[in-house]
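J.: my questions concern the predicted model and sequence given below.
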Amino acid sequence: MAKKSEIDGLKTREQKFKDVKWGRMFVSRKQITSEAFLDLKTAAACQVFMIFLNKCQWKPIEHAPRRKKEYYLANQGEIQFTYDEALEKWGISNNKFTKAIDELVRVGLIDIAKSGFGLHKDKSLYAISDRWETFGTDEFVVKKRQKRTQHLGFSKGNSYGRNSDKKQNQHSSTTVAQQL
């Protein structure tokens, strides 16, 4: 296996510049020491939140003074983090990932901008939230994961189920025909 110094020696000048430019992540001390972050119940929730922060793309505000660098979150509400990626790249099982997302939404660190509901490879989109600032106060707005309203599969009383009338009528007509 190649050492890090050998790999760095093979990189072009442009690749080294991109590593320096994009090799950083913004984590607010206020956010990490907040009551919401400290109230997280699982280590997986902390890990998933750090991965979310890693996926954030911060861009400088154009009209801000040069010395005072201010940044904004460019991909707010468009952060993708799939169950497959959590399992393959980060080693987080589906169960742990679901509980971590629920925990992060509960304390207000992230919000689900668009829920894919796990249907036909539709991806959920997430947003970094500011609700954590009011966590533990009366002003805190509680949000939960959206529930699927569309019921998929067979339902009770359908015409194609195991005990449907159509099926029984078809079966009885074939038995009568066999008896004749």
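T.: Looks like it came in fine. Numbers count the residues shown, from 1 in each chain.

J.: use CA for all of it now, contacts and neighbours both
T.: Will do.

J.: so Leu111 is in which element?
T.: Wrong residue type there; residue 111 is Asp, not Leu. For Asp111, the host element (DSSP states H and E) is strand 110-114.

J.: hmm, who's touching stretch 89-99?
T.: Applying CA atoms under 8 Å, 6 or more residues apart in numbering, the external contacts of stretch 89-99 come out as 44-45, 48, 83, 86-87.

J.: could I get the buried residue list for it?
T.: 92, 96-97 (16 or more other CA atoms under 10 Å).

J.: can you check stretch 54-61 too?
T.: 56-58.

J.: shaky segments in this structure?
T.: Residue ranges of the chain with pLDDT under 70: 1-9, 18-24, 64-67, 118-120, 148-180.

J.: mind listing the helices in the protein by residue range?
T.: 4-10, 13-22, 29-32, 35-38, 43-55, 83-88, 94-107, 165-179 (DSSP state H).

J.: now the contacts of stretch 89-99 as JSON lines including distance to Val142 and neighbour count?
T.: Converted to JSON lines, the contacts of stretch 89-99 look like this (distance: CA to CA, whole Å; neighbours: other CA atoms under 10 Å):
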{"residue": "Ala44", "distance to Val142": "21", "neighbour count": "19"}
{"residue": "Ala45", "distance to Val142": "18", "neighbour count": "21"}
{"residue": "Val48", "distance to Val142": "20", "neighbour count": "20"}
{"residue": "Tyr83", "distance to Val142": "24", "neighbour count": "17"}
{"residue": "Ala86", "distance to Val142": "26", "neighbour count": "17"}
{"residue": "Leu87", "distance to Val142": "28", "neighbour count": "14"}
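
J.: got TSV for the residues you listed, with distance to Phe17 too?
T.: Output for the contacts of stretch 89-99, formatted as TSV (distance: CA to CA, whole Å):
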residue	distance to Phe17
Ala44	32
Ala45	32
Val48	27
Tyr83	31
Ala86	28
Leu87	30
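
J.: brilliant, that's me finished.
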